[in-house]
Structure formats: C-alpha cells, structure tokens
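J.: pasting the sequence and the predicted coordinates here, then a few questions.
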Amino acid sequence: MASASGHLAAQIRWRWIESAFWLATLLPFVVTPAYLSLASQIAITALFALSLDLILGYAGIVSLGHAAYFGFGAYTAGLLAKHYWGEPLSGLLLAGALTGLVGYATSHIVVRFRHLALIMLTLGLGLLLHEAANSASWLTGGADGLQGVKVAPLLGFRFDLYGRTAYAYSLAVLFLCFLISRRIIHSPFGLALRGIRENLVRMPAIGAPSRAHLRKVYTIAAVMAGMAGALLTHTTSTVSLDTLSFGRSADVLVILILGGAGRLYGGIVGALIYMVARDQFSGINPQYWYFWIGLLLIAVVMFLPNGILGGLGALHKKSR
Amino acid sequence: MLSTRNLDKSFGSLVVAQGISISMPRGERYALIGPNGAGKTTLINLVTGMLRPDAGSILLGGEDITALPPDARVKRGLARTFQINTLFPRLTALESVALAILERRDQSRVWWQSLPRYGEAIDEAFSILESLRLGAHCHRLTRELAYGQQRLVEIALALATRPRVLLLDEPAAGVPKDESGELFAAISNLSAELTVLFIEHDMDVVFRFASRILVMVGGRILVEGTPRDIARDERVREVYLGRRRHAFA
Amino acid sequence: MQSFIGVLFDGFAYGMLLFLLSVGLSVTLGMMNFVNLAHCSFAMIGGYVAVVLTNSLGWPFLASLPMAFVAAAAVSVVLERTLYRRLYRSSDLDQCLFTIGVVFVSVAVAAYYFGTVQQPIDTPPYLRGSVELMGVSFAVYRLFLVVTALLITAILIVALEYTRFGAQVRAAVDNQRMARGLGIDVDRAFAITFALGGGLAGLGGALAIEIIGLDHAFAFTYLVYVLIVVAVGGLGSIGGSFLAAAVIGISDMAGKYYFPWLGAFLIYLVMVGLLMWRPAGLFGKR
C-alpha cells in the first residue's frame, strides 16, 4: 500500500527549516567574521556531540568515555602532522580510519555490557587511554601536549588567524557527517538501533543480531569522533592531553543532553548554546561555571528530559 | 517439528525443569497448562534460548538448535510472544513489525538507503497488522495503544518472522473481556501449517483451541493428552482441585 | 626505604579507607539500582565538617568523627527524600546526569566556601608518629584507621546477619519486588540504608584527610576509585566491597611505589580486566 511507505517518507523528508539552518551556518563568514575561530570550535564540538548521539541517543549506549576516540583522533592527526605528513585531508581520513579501528576493537567489549557495568567500563577505558597518553610523554608530550604540530595548507588555503579556512573546513566535514548520520537514522539499520534502544530484550526474539548492530554503530561513532579530534588538531595546530580527559567526555554528554538526544540536531543545538555561553562567561572562574552546569543538569533531568529540542517539540505539539 | 529431550535446569537448589521431553508434530495446537510456578515460561525461555539448559537438547525440524543463540533460532523459524508486553514503546506499530520483517530478510544491515524504499517489507508489515484489525492504528506509537491492541502487536511481531513454530505465553493475559475477541479471532486464523504452543490458564480458551494438552507441575511434565483425556485425568484434577484427604504425593 | 610489608600495610590501610567510602554506595546500588555518582560528595561533607569542628571550633578530633558521620547522614536523608526519590524509576542515564550535576554543584560550593587549597587537620598527638612492630614501622594513624574500619565492618556484618533490619536489607537487595510482596517496607529500609551509607562515607571523608588530603575536588577525584571498588566488589555485597577495596588499595599503593611510571594506569587496567571477567563484580548477583 503506497500510503504506508508514503507516510514514512513524509516523516523523513528534508524540511525547509533544516535548509534554513544550514544556510544560516554560512552567516558567520559575513556577519561575525571576528568570531570564526569560535564558530570552528562549535562545529567541531557539534560533530563530536553528533557522534555521541549515534550511540547514546539512537542505540542507548551510555558512555562516560567517548572522549577516548576524540583524543585518539586528535593525537593521530597531530603525530602525522608533526612527522611531516601535514596535509590535512588525508590526515583527517587517516585519523578517522585508525580511530574507527580502535572503536571496532573496543566495541567487542563494550556491547556486552549494560547499566552500571557499561558506564564503568566506558569510564575506565577513557581513563586508561588518558593515563597511557600521560605516561607515554616520549610520544605524546605528556601533560604539556604535543609540540611541533605543523599543519599544511588545505587545498591551497592556509590556516590563518582569521579562521576562514578553519571554519570552512570544520563546517564542511560537519555537514558531510551530518548527511551520513541522517541517512543512517532513516535507514533500516537506524530502525534496528532504535529497536535496541527501546527494548533490548525483544530484539533477539525477532531475530536481530543486536551486538553486531551495536558494534557497527559504535565503530561509525568512533570514526566521527576521531575526525572531530583531527579537526581540532588541524584548526589549532596543537594537541593537548585534555582531549582525552573525563572532563571532555562529561562536557559532550552535557551538551548532547542539553540539546536533546535522539533528535539528530540535538548535539548541534547543544554545542551552539554551550560554547557561546562559555565564551560569554569565559571570564568566570571555572569553579562557578561548573556550578551552573551542575544546576543545569539537575534542571534538565527534572524538567526537560528530552533537552531543548524535546521541549520545543512538546510545545509545538501543544500549540497545534 | 519441535521436540525437546530431557531438558534440565536448576537455579542452585531450585529445580525449574526436570527431564522435559516433548514432541510436537507439525500443525498441532498444544496448550501448556499447570499451576503458577510450574515452570511453563521457563520452558519457553529454554526452548527459545534465553536460558541455557543444564542438560538436554532441543530440536527444531530435526535440527539440533541447543547451542544456537536466540536470534539464530528465530531465523530458523521459532518465534515467541511474551507474557508481559515486551514491545518498542516509542516505535509505531508499523515500524515495529517492519523491523521484524527487515531483520528476517537480513535487510536491517543496510544503513545507506532510507526506510521508505523498502516498500515490500512495509507492505507486508501493514498487511499483518491489517489481518489483526490494527491497520488503522499502524502509525500510532506502541505505548499509545490499548492493552489489547498491544497484545496483538506482540503476536504481529512473532508472525512477522514467518515462524514454523509459534510459542505464545499467555496471549490473553491482562486483556479485558471486551478486547479479547480480536485476539481469539487472530489465534483461530493462524495458519494450519504453523505449529503452536500456548500457555494459558483459562480452560475455556484451552479447550477451544488446543488439539493436545501438556500439563506441567513442579518443573516436570505430568501428563500429555487430548483435551478429553486430560479433563478426565485424576492426576490433573488433583493438581488443580486437590484431593479430599490432603496427602502429598 | 619502606619494606614490602610496609607497603602492603599502607595499601591495606588505604583500602580500608576506600571501603568506608564505598560500602554505602555498594549496598544502596544493590538495593535500588540507583546510580548515585554524588556519593563522594557526602564524604566531602564529612571531611569539611571535621575540619571546621577541629580547626575552627577546637573540638577534639575523635569527637568530630561522629559528627562527620551524622552531618553526612543528615544531608543524605534530605537529599534522598526531596530529590532522589523521584528518580528511582528513571533511566540510568538520567540518574547518572542528575547525580553528576549534584557533584558539580557540591564541588563548586566547596570551592566557594573553602577555597581550592588542601585542608589541613589537627590530629591529636597520640595519633601521630609511628610504632615499631617486628622490625617494621607502622604509622599510628594508619593503625587507627585499620582498627576503626575493621570494627565498623564487624558491626555491619553482625547487623546484616543478625538483626531484623539487616534481614530486610538483604531481602531487598536480593529481590526487591519479592521483598515488597512480603510486606517489607523497602522504601523505608532504603532511606535508612542510604543515610547510613552516606554517614559512613562522611566518616571516611573525615578520616581520609590525614592520609589523602581534602580539597574541593575530592568528590570527583575519589569517585572513580569508589566506583571501581563497587563495580569490582559487586553491587550489594559488603564482603565484596571489603575485598575489592583491599585489593585496589594495595594494588594502587604497590603500583605507585614499585612502578611509578605507570601512574594510575594499573588501577584502571585492573578494573577493566575484572569487569570483563565478571561484569557483575566479584560477588555481585547474577
């Protein structure tokens, strides 16, 4: 019956508001050229949050250690650039691929756990990698970060202080990964992931190889997180140890929840709000920043469990 | 079609299954009855692979499936429903059934093509729901459906896997009388090729649908027979009604 | 130059501290499956109470310990009754996020009132120094810590095994639904257990100052270790927590002493390895 598929097709059609949004992302070039560096950072964080959304919002894997892949990608790109392979695009792809391999390897362990054990495991793996990087200072520079990262021009465009190249680069990669994510969400595989999230027990009873599905999405998410990390390296020409830190994992979690998990745009919205707010309040003592973040988390869980996008969606339904 | 040989399962000192050997030929309608705690759901869990037996084997269509994981057994044609609705709350009825169909057709791996492209699977999902009189509600979220309707989605999910053997765990449990009509119509309409085992407490339902009855008590199969034989069996009467003199067998 | 026995003992003492900090979380997690990542905030409260009482108000150290327990227990009760109980049915993620929020807030508040420096504490002279036993010198404070912890462990085990309340707790940990069905007031049992657990954490926090120090970030820094002990020992198991804490304490101390270049790597590796082998912990159910 045409109408059943038609109904589904109508739900996933590209909406005008989405086109408007993506066009708006070009505005910083013209309207706020002084803030292009910030814009790049927002795009990078958005990509990182999007990768977390795939595993958390759509597949239900609660990870407190996702920064492990972000940092791994960052360090890979940095080490490549440091050792004379400064070309960004190939560095990006290579960093993504290698991070994907690490993601694939760890996925075999991760997908066997749920609940507290899963939270602990992801936390543990993240901390492990962070410690390893800290100790292996001969390779990573340890707590001082990686020095001597030299990034070559991107297709002839230098990464200058104005940040135009950086933003164009980050935005393009974000958009591409977004399109891929969108495809995945609306595919049969995406439906399977949602099934896993909704009721893991039911999945084997309908013949679904849940673990295989989870390994796949975990790997894809690792690739994207790795690419986000590589972008950070390329746009800032540094790699610091905190790209692997628990703080980074916690931040991206806050960002995704703030925007709304499982809504595709949640990570982007969250990143936008969080990074702009942090920029505005950058003078503030970091202690107090985390005070407000803490309150925000409490408030979001109690009053806005589906994040900002969820809240907007509910308002939209009510107004009908 | 489906048979088990000497299935045993214990949790520490609690024996939940002992020497279970059953044999269900194709097309038969078996009812599995017995007091609460007899181990009926446990048996289904053992057969479907959610629990691993301590001893014994399970054969489906002659093939030994004892070592297979649950999803592999489903792929070979063994489906079940759950006593308490185990559905996907935020997926629509259509999406849920379509998912089961896509898994069956091994198309759930595909991440580069959008869902609406799979018209065949979606149409099949729709027709299954339609046959259960849920067509009009197919785009509603599962958690918004009435309990009886959700129970039907349970069955729809199992049917979507095109099973050879269907295990229904108390299909009418919790369904109010006025909603159970659809349910029983659905059960009557099940294909004659399908081998069905259902757990049920309502004796009217049992006698209406079953061609054979298995009585399970304390982890063991007490007796098997036609509805008439079982109705007259002394041991069954004893289990359900108790003897006049309270001697423990 | 510390002998091997010395390192072992120090590690064990550290483990006892971890045990006091973790046991409450293990039992409450086992009972209600509520992921309370803010558990170490209670420890912090106990620590700061002890500091204020001893340093500013001149209380004797030993007297401030019970107060640390009481203060932390009181805060636990308030928090549980007002906020936490709404989240018992929430998802792991929501509980996780909420309690992380509480940690952030508590860390910031601590920084606001006490600054970010390490808090000194005036331990009484009879708890300082060391004692020589069989050719090995043992720090008096650590001995005190070990004795206190063992005493508390004994009390806990006796309470759990031989009192009616203990039986209720064990039933609730084993099978909550069943326990409710038997008429046990699980909510009340949980509230009391939660308070006790929080109080013990507070006591641990107060005792910890002399050994591992107290600063505003304590709630975070030691959260990881506490989680490791709980995950490794198994939810709901006092014995498991004890063993896990001892193992973690000794491994960490030995690691830092013999393999300083590894840093905390060893501990994390031990945790990941143990979790993979036994996802429910060494003594966890299922």
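T.: Great, that's in hand. What you see is a predicted model; the values in this text were computed from it and never measured.

J.: list the buried residues in the lowest-mean-pLDDT helix or strand in chain B.
T.: With mean pLDDT, DSSP states H and E as the measure, the helix or strand of chain B carrying the lowest mean pLDDT is helix B:234-241 (a mean of 74). Judged by neighbour count (16 or more other C-beta atoms under 10 Å in any protein chain shown), helix B:234-241 contains these buried residues: B:236, B:239. All C-beta spots, glycine's among them, are computed from the backbone N, C-alpha and C.

J.: export that helix to PDB, keeping only CA atoms.
T.: Taking Å, rounded to 0.1, in the frame of the first residue of the first chain, the C-alpha atoms of helix B:234-241 are listed here in PDB:
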ATOM      1  CA  GLU B 234      -7.300 -38.000  38.100                       C
ATOM      2  CA  ARG B 235      -3.900 -36.600  38.500                       C
ATOM      3  CA  VAL B 236      -4.800 -33.300  36.800                       C
ATOM      4  CA  ARG B 237      -7.900 -33.000  38.900                       C
ATOM      5  CA  GLU B 238      -5.700 -33.500  41.900                       C
ATOM      6  CA  VAL B 239      -3.200 -30.800  40.900                       C
ATOM      7  CA  TYR B 240      -5.900 -28.300  40.300                       C
ATOM      8  CA  LEU B 241      -8.500 -29.100  42.800                       C
END
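
J.: where do the strands sit along the chain?
T.: Going with chain A. Under the criterion DSSP state E, chain A contains no strands.

J.: um, chain C though
T.: C:130-133, C:136-139.

J.: ditto for chain B
T.: Using DSSP E, the strands assigned to chain B run over residues B:2-11, B:14-24, B:29-33, B:55-60, B:63-64, B:78-80, B:165-169, B:195-199, B:212-217, B:220-225.

J.: residues from chain A in reach of chain C?
T.: With C-beta under 8 Å from any C-beta of the partner chain as the criterion, chain A meets chain C at residues A:56, A:62, A:64, A:109, A:112-113, A:115-117, A:119-121, A:123-125, A:127-128, A:131-132, A:134-135, A:250, A:253-254, A:257, A:287-288, A:290-291, A:293-298, A:300-302, A:305.

J.: sorry, slip of the keys, the one I care about is chain B.
T.: Close to chain C, as judged by C-beta under 8 Å from any C-beta, chain B has no residues.

J.: what pLDDT is listed against the nearest residue to residue A:192 once chain neighbours are set aside?
T.: Spatially, and ignoring its direct neighbours in sequence, residue A:192 is nearest to residue B:108 (4.3 Å; C-beta to C-beta, 6 or more residues apart in numbering or on different chains). Note on residue B:108: pLDDT of 90.

J.: now residue C:49
T.: Residue C:49 is assigned a pLDDT of 91 by the prediction.

J.: quick one, what contacts it?
T.: Neighbouring residues of residue C:49 by C-beta atoms under 8 Å, 6 or more residues apart in numbering or on different chains: C:64, C:67-68, C:71-72, C:202, C:206.

J.: 7 Å - rerun?
T.: Residues in contact with residue C:49 (C-beta atoms under 7 Å, 6 or more residues apart in numbering or on different chains) are C:67-68, C:71.

J.: so for it, what's the nearest residue that isn't a sequence neighbour?
T.: Excluding the flanking residues, the one nearest residue C:49 by C-beta to C-beta, 6+ apart is residue C:71, at 4.4 Å.

J.: I figured the one you found was touching residue C:48, is that so?
T.: No. Residue C:71 is beyond contact range of residue C:48, at 8.8 Å (criterion: C-beta atoms under 7 Å).

J.: buried residues in stretch A:279-288?
T.: Within stretch A:279-288, the residues that count as buried by 16+ other C-beta under 10 Å are residue A:287.

J.: ends of it, what's the gap?
T.: From its first residue to its last, stretch A:279-288 covers 14 Å (C-alpha to C-alpha, to the nearest Å).

J.: pull the distance from it to the chain's centre.
T.: Distance of stretch A:279-288 from its chain centroid, counting by C-alpha atoms, centre = their mean, to the nearest Å, is 23 Å.
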